[in-house]
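Colleague: turn this into a structure:
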Amino acid sequence: MGVRQTRYRDLDGRVVVIADGSRGIGAETALAFARQGAAVAVLGRDAAALTEVAERMRAEGARALGLVADCTDATALGSAAARIERDLGPVDVLAAFVGGDGYPVPTVRETEEHWRAVLDGNLTATFLTVQAFLPGLLARGSGSIVTMASTAGRLPSGASAAYATAKAGVLMFTRHLALEVAGAGVRVNAVAPGAVRTERTAAQMPPEVRATVAAAHPLGRLGEPQDIASAALFLASDASSWITGQTLDVSGGRIML
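Modeller: Below you'll find the predicted structure:
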């Protein structure tokens with residue numbers, strides 16, 4: 001299913017960072033910004049995948065960078081931030097789309113190692129990614145940050161307790177930061193997807209499971225990466241200039257408040 005994306009002319013020429021942008025939702029979001037005329041840097045661990053995404057963006061006519069950076073490593077993120085500013089210019093938009101590993105793990109069988117890894121890869125990585133780029137946004141007195149939450153952080157679900165806790169933490173971090181930096185002209189919002197049909201979920205969900213999960217969403221389908229990309233474009237653009245500290249549930253009606 002294709003998703004028609006709105007044209008936001010104010011995004012033309014802006015510098016955007018997508019972490020993690022190597023595949024799935026992050027890669028689709030990077031391409032969406034490139035099609036808006038933005039210069040886009042994608043961060044992640046997979047050099048080959050990052051190169052492929054950057055080449056696809058260049059084919060769209062965009063200036064693009066693919067940089068290997070572990071988003072749980074503050075030093076690597078600092079180096080990436082410096083390289084992006086040098087090669088593309090000051091960053092206007094940060095999409096901190098880090099995290100994952102939301103698959104079910106009964107708490108009684110949860111291990112300390114997995115618990116720490118999930119919190120580190122989702123919550124700590126979000127904090128470190130934001131911290132690497134926030135000083136530049138504050139110095140310029142403008143910009144938009146979009147974090148990646150999940151319906152798992154909004155209500156109990158089949159995800160692991162570690163993942164739910166991490167994503168709930170991302171939501172509170174987003175609100176806290178939004179209040180903290182609003183006076184400096186920087187907006188901070190979160191997107192909270194429901195189940196999205198990426199290459200990974202398609203490979204790991206048998207057809208009957210996908211059908212069951214789709215039926216749990218009132219609109220009757222899984223999300224597509226473009227659905228999340230469209231939300232990110234809106235939150236990054238001037239169309240949402242009076243919105244901060246909010247969570248945009250992109251979940252086919254799974255969350256209704």
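Colleague: chain center to stretch 20-34: distance?
Modeller: 9 Å (C-alpha atoms, centre = their mean, to the nearest Å).
Colleague: and residue 256, how far from residue 217?
Modeller: Distance, residue 256 to residue 217, using C-beta to C-beta, to the nearest Å: 11 Å. Using the backbone N, CA and C atoms, a C-beta is placed for each residue, glycine as well.
Colleague: which one of these two has more residues nearby?
Modeller: residue 217 (18 against 7; other C-beta atoms under 10 Å).
Colleague: residue contacts, that one?
Modeller: By C-beta atoms under 8 Å, 6 or more residues apart in numbering, the contact list for residue 217 reads 194-195, 223, 251-254.
Colleague: where does the prediction get shaky in this protein?
Modeller: 1-3 (pLDDT under 70).
Colleague: could I get the full set of strands for it?
Modeller: For the chain, applying DSSP state E gives strands covering 15-19, 39-44, 64-68, 93-96, 143-148, 186-193, 247-250.
Colleague: any chance of these in JSON lines, plus mean neighbour count and distance to residue 159?
Modeller: JSON lines is the format used below for these (neighbours: other C-beta atoms under 10 Å; distance: least, C-beta to C-beta, whole Å):
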{"stretch": "strand 15-19", "mean neighbour count": "28", "distance to residue 159": "21"}
{"stretch": "strand 39-44", "mean neighbour count": "28", "distance to residue 159": "22"}
{"stretch": "strand 64-68", "mean neighbour count": "21", "distance to residue 159": "28"}
{"stretch": "strand 93-96", "mean neighbour count": "28", "distance to residue 159": "19"}
{"stretch": "strand 143-148", "mean neighbour count": "27", "distance to residue 159": "14"}
{"stretch": "strand 186-193", "mean neighbour count": "25", "distance to residue 159": "12"}
{"stretch": "strand 247-250", "mean neighbour count": "20", "distance to residue 159": "15"}
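Colleague: before we move on, back to that, so what sits against both of residue 256 and residue 217?
Modeller: Counting by C-beta under 8 Å, 6+ apart, residue 256 and residue 217 have no contacts in common.
Colleague: by neighbour count, which of the contacts of residue 217 wins?
Modeller: Within these, neighbour counts (other C-beta under 10 Å) peak at residue 194, which reaches 26 neighbours.
Colleague: quick one, phi/psi of that residue?
Modeller: Main-chain torsions, residue 194, degrees, to the nearest 10: phi -80, psi -150.
Colleague: who's in contact with the closest residue to it other than its chain neighbours?
Modeller: The shortest distance from residue 194 to any non-neighbouring residue, by C-beta to C-beta, 6 or more residues apart in numbering, is to residue 251 (3.2 Å). By C-beta under 8 Å, 6+ apart, residue 251 lies in contact with 151, 192-194, 217, 223.
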